[in-house]
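# Predicted coordinates and the sequence they were generated for:
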Amino acid sequence: KIEDICFYTEVINGNIFYKEEDKDMINNMSILKEKWDPLKDINLIAYLRSLLFCVKFVLHLIDDSRAGDDGENEEATLLECTVPSFDVVEMDDLIPISLNLCYGLILSKTLKRCYNDSKQYFICGNDVETLGSLLKELIHRLDAEQQSKVLSLSRQNCEKLGRQWSQTWSLIASDFLDMDLKLHSKALPNDMVLITEENNINIHYIRALRSDLLNNYVQDVEINVILDNLIKVYRLHSSDSYCRDLSSYNCKYLNFDSEVARLLTAVINLYPSEIDKCQNGWDFIMVSVASWINSISLTKSPTFYKEFVGFVVAVCDLYIHFVSYLINNERKSETYKEWKDVFLNDTCDAVGVAWEFMAQKTLNNNLNYLGLLHLKKLSETLCTNCQNQEIRGLQVNGNNFEAWLNMGRKFITSPSIPVQITAYNILLTVVPVLVQLDCACDENELRKLSCENIKTQFIETQNVVTTMLQDFSLGVSCSVAPFTDSYTYTLGYILVWSVLLEMCKHGDSQIRYIYTLWIKEMDLIVNIMESLLKLMPDSVLHFVESNLRKRQELFTEMPPLTFDGWESERLSNFCCWLYCDILRTLPAVARQWAAETDPKLLSLADKITSLYVSMALCTEEMKAIMNQQKGFDNMKVTTHPSVREVVAVYTVEESTTELIITLSANHPLTPPKVEIPKAMISSNQTRQWLMQLTIFLTHQNGSIWDGLLLWKSNLDKKFEGIEECYICFSILHNTSHQLPKLSCQTCKKKFHSFCLYKWFTTSNKSTCPICR
C-alpha cells in the first residue's frame, strides 16, 4: 500500500512517468464517514520502525563479521553472542537487503514530503532523517566492490521494475556516495528535438522534451520554435478539454493535457523570454490556463479520478507560476492587462467553486490520498490568489463578497489544515469590503455590523475552547494534540479572532470604536485573554531567563501560515502572537479587561506583558512616530525608547509648549502618563487638553501618534486665524504667553494687554497706536 501510494503520488506530481500496464486498485475519492485521516489505511510509523530495526541489524551483522575477520576476541554483549558470524559470500547476500532498505527510505521521504499535513507526518517525527543517516553509514561500510554491486542492482531494478527505483539509484549515487555523476541522460536525439510533422506530437515526446528542458539539454534558439509548433499541432489534434465537464474525458487525453501543462510550466520557469518570441505563446498559455481551470470547476465525478487529479495538479502549478510571472515581471505588458481585464475574475471564481466542492467533503467525511492531493493543490492555488495584493483586490467586490464570506466562515473549522488556512485567507480578502460597508453604521446599529456574519463561528469555537480549558489552572500550559477536534476548534478560534483584529486595523478610529462596542457586548475579550494565557507554551509561562529574545519573538512574529508543521508547538506560538496583536490593536479594550479581571489572572498577564510584549509595542509606537512626523513644521517629536518616553514640542514663533508621554512597563495594560511641563497658553486650557488627551489614550484604541495628532489639532485650532499684536508683531506675548485680546473699537485691531499698557505709559498717549 505504501509503495502504491508513493508511486501514484509521484505520477500525479509529474515526477515519474506513468505506464499503461500499471493499474491502481483505487481510482476514486473513497469518501468515508470517519475521523479525518486520509492515510488511515497505512501504518507509516510501524513501517519506519521496521526499516530502522532492519538497518541497525544489518549494521550489527557487518560489524560482527569484520570483527571476526580481524581475529578480535573482545568481550561480547548478550545480543552480539546470539548473532552468527557471516563470511564474505554471505555478506553479498546483504546487498539486495541494503538496496531494499534504500528503496524504503525513498518511499518514506515521498510520504513525508507530499503528505506533510497528515497525521502520519507528525507521528513519524525525525525517524526518516535517522533512517537516512543510518543507511548512508551502511553504504559507506561496504567495500568498493559491494558498493558497485549495489549501484548495478539498483540500475537493473530501474529497467525491470520502474516505479521509484531511479530515485533510489540517484539517492545512493549522489547523496550516499557523493559521486559526481550525470544523473539524467538526454531523452531525445538531436534530430527529434524539433516538431517537424504533425504526427510527431505524443505524450512520450512531451515527457521527454520536458525532461531535456529541466536538465538543460535544449538550446535557447530551439525553444520558441518548439512552442510555435506545439501550439499549432495541439490546436489541431488535441481533444477539446476547454471549458467543459471532464467527468467522462478519456484518461489518455487527461494525461496528455497534464504533460502539456507541465511542459509550459517548465518553460515559464526556465525560459520565459522565449515565449515572447512565439507568435501566440502567452495567448495560448493564458487561454489554456483559464479554460482548464474552468473545466476543473465543472467536473464533479470524473471516471478516471487518478488521471484527473494529475491534471488538476499540473494545471494549478501552471496557473501559480503563470500568474506569479505576470505580476512580478510583466505588470505593464498587454498580456497582463488582458489577463486582468478579461480572465482574472472568472478564473478566480472557478478556482473558488472547485475548492469549495472538495472542501465540503472534509466537514463530515474522509478522503483518500488522491482526494488529499486534489484538495491540497486547489487550496494552494486559492491561497495564491488571496495572498497576492494585485489579485485579492479584484477577486472580491461588492457583488460577490457574500459568496466568498460564506465560503470562508463555513470552512474555518474544517478538520483539514489546508482548508482552514485557505478559509482564513478568504476571510482576510473579504475584510476591506466588510469594513467599507460598516462605515455607514453607528453605535446604535451593532446588529447590522459585518461582525455578525462570523458571530456563529465565534460562539462555536469559543464554547469548545473554554470547555477544554476549564480544568486547567493558571500557569499550567495546555498542549493541544494535532488532528483532534480540540485542535481544529482552537485553531479556528484563533483564526476568527485574527480576522476580527484585521477588521479593526482596516477601519478608522470611529469604526474601531464601534467594533469595540460589539466586542464588549458579546463579552469576547474575557474568554480570549484567559484562553490565550492557558494555551501559551511552558517556556513562556515559567519565565525562564535563558533564550529570552527567542521567546519574545513568539509574540512579535506571526507563525508561517503554511499547510505543514501544524503541531502543538506552532499552535501555542500562534496564541502568543495573537495575545500581542490584541494588545497592539485594542489597547483600550485590554486595559479595561485588566481593570476588571481576577487579580491572579492579571498578575500573570502583567508579567507576560512586561517581559515579552511591552518593549516590542513601545518600539513599534516610537518607530511609527518617527516615520510619520516628517510633514510637520511646527511640531517636533523626539523618542527615548530606553525610558519609554515620547517628547513633543509645538512651536509658535519663539514660544513653545512641551508634551511628555511616558509608557508604562506593562504597556498597554496600564495607561500612559501624560504631562505638559511647559505651556504657552492658560493653565485652564492646558489642563482641559491634558485631560482630553489622557482620556483618549486610556479609553480609545488609537496609537500614541493619534494622540499627538489630537493635541496638535487643538493647538492648531487655537492659533488658527489669529492676528498678531500690532505693537510687538507677535501672536504670543514673550513673557505672559497670552494671545492678543484687547481690540480697538474703531480699527478692530487686537493688542496684548501688556503691550498696550506699555504703549500708554511710555508714549504718554491714550489713543490707539494704529488709529493715531
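Yep, that arrived.
# what are the ranges of the strands in this protein?
Taking DSSP state E to define them, one finds strands in the chain at 635-640, 645-652, 655-662, 673-678, 742-743, 750-751.
# Out of those, flag the one nearest Ala46.
Ala46 lies closest, by CB to CB, to one member of the strands of the chain: strand 635-640, at 59.6 Å. All C-beta spots, glycine's among them, are computed from the backbone N, C-alpha and C.
# can you give me the angle the closest one makes with strand 655-662?
On the basis of axes from the mean of the first three to the mean of the last three CA atoms, to 10 degrees, strand 635-640 is oriented at 30 degrees to strand 655-662.
# And strand 635-640, what does it pack against?
With contacts defined as 3 or more CB pairs under 8 Å, 6 or more residues apart in numbering; DSSP states H and E, the packing partners of strand 635-640 are helix 614-628, strand 645-652, helix 704-719.
# now, of those, which is deepest in the fold?
Comparing those by mean neighbour count (mean count of other CB atoms under 10 Å), strand 645-652 comes out on top with a mean of 19.
# what inclination does that strand have with respect to strand 635-640?
Using the same axes, to 10 degrees: strand 645-652 against strand 635-640 is 160 degrees.
# Give the partner strands of strand 645-652 in its sheet and their orientations.
The strands beside strand 645-652 in its sheet (DSSP bridges) come out as strand 635-640 (antiparallel), strand 655-662 (antiparallel).
# what mean pLDDT would you report for the last one?
Mean pLDDT, taken over the full extent of strand 655-662, equals 87.
# how far does it sit from the chain's center?
The gap between where strand 655-662 is centred and where its chain is centred comes out at 42 Å by CA atoms, centre = their mean, to the nearest Å.
# and for that strand, what are the contacting residues?
Outside strand 655-662, the residues that touch it by CB atoms under 8 Å, 6 or more residues apart in numbering are 643-650, 672-681, 686, 693, 697, 704, 707-708, 711, 715, 732, 734, 737.
# switch the cut-off to 7 Å
Strand 655-662 is contacted from outside by 644-650, 672-680, 704, 711, 732, 737, using CB atoms under 7 Å, 6 or more residues apart in numbering.
# and the nearest residue to Asn400 once chain neighbours are set aside, how many residues sit next to it?
Nearest residue to Asn400, sequence neighbours excluded (CB to CB, 6 or more residues apart in numbering): Asp349, at 7.2 Å. For Asp349, the neighbour count with other CB atoms under 10 Å is 17.
# And for Arg331?
Counted with other CB under 10 Å, Arg331 comes out at 11.
# burial measure for the nearest residue to it once chain neighbours are set aside, as a count.
Leaving aside its sequence neighbours, Arg331 sits nearest to Glu390 (CB to CB, 6+ apart; 7.7 Å). Using other CB under 10 Å, Glu390 has 16 neighbouring residues.
# One more: the one 5 residues further on?
A total of 24 residues lie near Gln395 under the criterion other CB under 10 Å.
# ok, now which ones touch the spatially closest residue to it that is not a sequence neighbour?
Closest residue in space to Gln395, ignoring its immediate chain neighbours: Cys348 at 4.4 Å, by CB to CB, 6+ apart. Contact analysis of Cys348 by CB under 7 Å, 6+ apart lists Asn385, Ile391, Gln395.
# And the helices in the stretch 501-650 of the chain?
509-522, 524-535, 538-541, 548-556, 568-585, 587-596, 599-608, 614-628 (DSSP state H, counting those that start in this stretch).
# Tell me which of those sits nearest to Trp165.
helix 568-585 (35.9 Å).
# Kindly calculate the angle that that closest one makes with helix 587-596.
Using the same axes, to 10 degrees, the inter-axis angle of helix 568-585 relative to helix 587-596 is 100 degrees.
# what pLDDT, on average, does helix 568-585 get?
Here the average pLDDT along helix 568-585 is 95.
# can you list contacts of it?
With contact meaning CB under 7 Å, 6+ apart, helix 568-585 is reached by 479-482, 487, 490-491, 494, 497-498, 501, 504-505, 532, 535-537, 540, 554-559, 590, 609, 613, 617, 668.
# now these: which count as buried?
Buried residues within these, counting neighbours by 16 or more other CB atoms under 10 Å: 480, 482, 487, 490-491, 494, 497-498, 501, 504, 532, 535-537, 540, 554-556, 559, 590, 609, 613, 617, 668.
# tell me the phi and psi of the spatially most central residue of the chain?
What sits nearest the mean C-alpha location of the chain, by CA atoms, centre = their mean, is Leu561, with 3.2 Å. Here is the backbone geometry of Leu561 (degrees, to the nearest 10): phi -90, psi 50.
# With adjacent residues omitted, what lies nearest to it?
Ile421 (5.3 Å).
# The one you found: what's it in contact with?
Contact partners of Ile421, counting by CB under 7 Å, 6+ apart, are Cys383, Leu561, Phe563.
# do the same with Gln387
Gln387 neighbours (CB under 7 Å, 6+ apart): Asn425.
# With the one 4 residues further on instead?
Residues touching Ile391, when contacts are defined by CB under 7 Å, 6+ apart, comprise Leu344, Cys348, Asn385.
# Tally up the residues packed near the first one, please.
I take that to be Leu344. 19.
# Distance of Val313 relative to Gln420?
Separation of Val313 from Gln420 (CB to CB, to the nearest Å): 21 Å.
# for the strands of the chain, which one ends up most surrounded?
Comparing the strands of the chain on average neighbours per residue, with mean count of other CB under 10 Å, the densest one is strand 750-751 at a mean of 20.
# Could you pull up the mean pLDDT of that one?
80.
# Sheet partners, orientation included, of it?
Strand 750-751 is paired, per DSSP bridges, with strand 742-743 (antiparallel).
# which residues make contact with the strand it pairs with from outside it?
Lys749, Lys750, Phe751, Ser753, Leu756.
# Just flag the most distant two among these.
Lys749 and Ser753 (13.8 Å).
# okay, those two: which has more neighbours?
Legend: neighbour count by other CB under 10 Å for Lys749 and Ser753, higher for Lys749 (18 against 14).
# Could you double-check that that one sits in contact with Ile770?
Yes: applying CB atoms under 7 Å as the test, Lys749 and Ile770 come out as touching, 5.0 Å apart.
# According to the record, where do the domains of the protein fall?
34-176, 190-608, 626-719, 721-772 (automatic domain parsing).
# Of these, which stretch is the most buried?
Neighbour counts (mean count of other CB under 10 Å) averaged over each of these peak at domain 190-608, with a mean of 19.
# Identify the residue nearest Phe760 in space, chain neighbours excluded?
Closest residue in space to Phe760, ignoring its immediate chain neighbours: Ser766 at 6.1 Å, by CB to CB, 6+ apart.
# now Leu375
Counting by CB to CB, 6+ apart, the residue nearest Leu375 is Met358, at 4.4 Å.
# So that neighbour is in contact with Leu378, correct?
Yes: the pair formed by Met358 and Leu378 meets the contact definition of CB under 7 Å, at 5.9 Å.
# Among the strands paired with strand 645-652, which comes closest to Ile95?
Among the strands paired with strand 645-652, strand 635-640 comes nearest to Ile95, with 69.9 Å by CB to CB.
# Alpha carbons of that closest one, in PDB - could you do that?
The C-alpha atoms that make up strand 635-640 are tabulated as PDB, following Å, rounded to 0.1, in the frame of the first residue of the first chain:
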ATOM      1  CA  MET A 635       5.800  70.200  15.900                       C
ATOM      2  CA  LYS A 636       8.900  68.200  16.500                       C
ATOM      3  CA  VAL A 637       8.700  64.800  18.200                       C
ATOM      4  CA  THR A 638      11.600  63.100  20.000                       C
ATOM      5  CA  THR A 639      11.500  59.500  21.200                       C
ATOM      6  CA  HIS A 640      13.600  57.900  24.000                       C
END
